[in-house]
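> fold the following, please.
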Amino acid sequence: MPKINGNEIRPGNVLEHDGGLWVAVKVAHVKPGKGGAFAQVEMKNLRNGSKLNERFRSADKVERVRLEQKDQQFLYETEGMLTFMDATTYEQVELPADLLGDRRPFLQDGMTVTVEYYEEEALSLTLPEKVICTVEDTEPVVKGQTAANSFKPAVLDNGIKITVPPFVGVGEQVVVATETFEYVERA
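Numbering: from 1, shown residues only. Purely as a prediction, here's the structure:
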């Protein structure tokens, strides 16, 4: 694995530090008036989710880890475990549903997700940026309500609550951003 200097750490880099795998969440380069410059790095553990703030001087060397990314198709869920299949080798793998966290409701049958592996260990799941959902419940359209930024609450078919523009009605399909849980457009 390549070693990089402490001042080369960027957000999103995966590092091996103190016997664990950490992803750099925030990086601030600090140049104090006295002493050498350093990078203040906020890191999140990929295995247990704990957070850590660490200072790295430019002379410090850290291991940068490259994760292998594989596209996998979601098949089914049983007892909190999600089963995925590799589209090229047809191998099936079971991963815990809590890898997705609060984005779990957006996972749909047959959806292709990106699974990141480190030496055969699955560390994270990435959903597509946008998914199509159906509006189950929302307020009826009020005639004459044309304010530019007026949104109304809506419940999607997966139980997620979002806000939608006033012209969206019950039964319509909408595109939702999986990272921000926001309405993007009509499908």
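> what residues sit buried inside the worst-scoring helix or strand of the chain on mean pLDDT?
Among the helices and strands of the chain, strand 121-126 carries the lowest confidence by mean pLDDT, DSSP states H and E, at a mean of 83. Buried residues in strand 121-126, counting neighbours by 16 or more other Cβ atoms under 10 Å, are found at 122-126. C-beta here means a position set from N, CA and C on the backbone, and glycine is covered the same way.
> ranges for the helices of this protein?
Ranges of helices within the chain: none, based on DSSP state H.
> which residues touch the residue nearest the centre of it?
Centre of the chain computed as the mean C-alpha position; nearest residue by Cα atoms, centre = their mean is Thr126, 5.4 Å away. Going by Cβ atoms under 8 Å, 6 or more residues apart in numbering, Thr126 touches 113-116.
> for PyMOL, what selects the buried ones among those?
The following PyMOL line selects those of these that are buried, judged by 16+ other Cβ under 10 Å:
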select buried, resi 113+115+116
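> which stretches of the protein have low pLDDT?
Applying pLDDT under 70 to the chain flags the ranges 1, 142-148.
> try 50 this time
For the chain, no stretch is flagged by pLDDT under 50.
> ok now do the residue nearest to Lys130 when sequence neighbours are not counted, which residues does it touch?
In space, and not counting its chain neighbours, Lys130 is closest to Val175: 5.1 Å by Cβ to Cβ, 6 or more residues apart in numbering. By Cβ under 8 Å, 6+ apart, the contact list for Val175 reads 130-132, 183-187.
> give me that answer again for 6 Å
Contacts for Val175 (Cβ atoms under 6 Å, 6 or more residues apart in numbering) come out as 130, 132, 184-185, 187.
> dump these to JSON lines, plus neighbour count.
Listed next are the contacts of Val175 as JSON lines, based on neighbours: other Cβ atoms under 10 Å:
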{"residue": "Lys130", "neighbour count": "14"}
{"residue": "Ile132", "neighbour count": "13"}
{"residue": "Val184", "neighbour count": "14"}
{"residue": "Glu185", "neighbour count": "10"}
{"residue": "Ala187", "neighbour count": "13"}
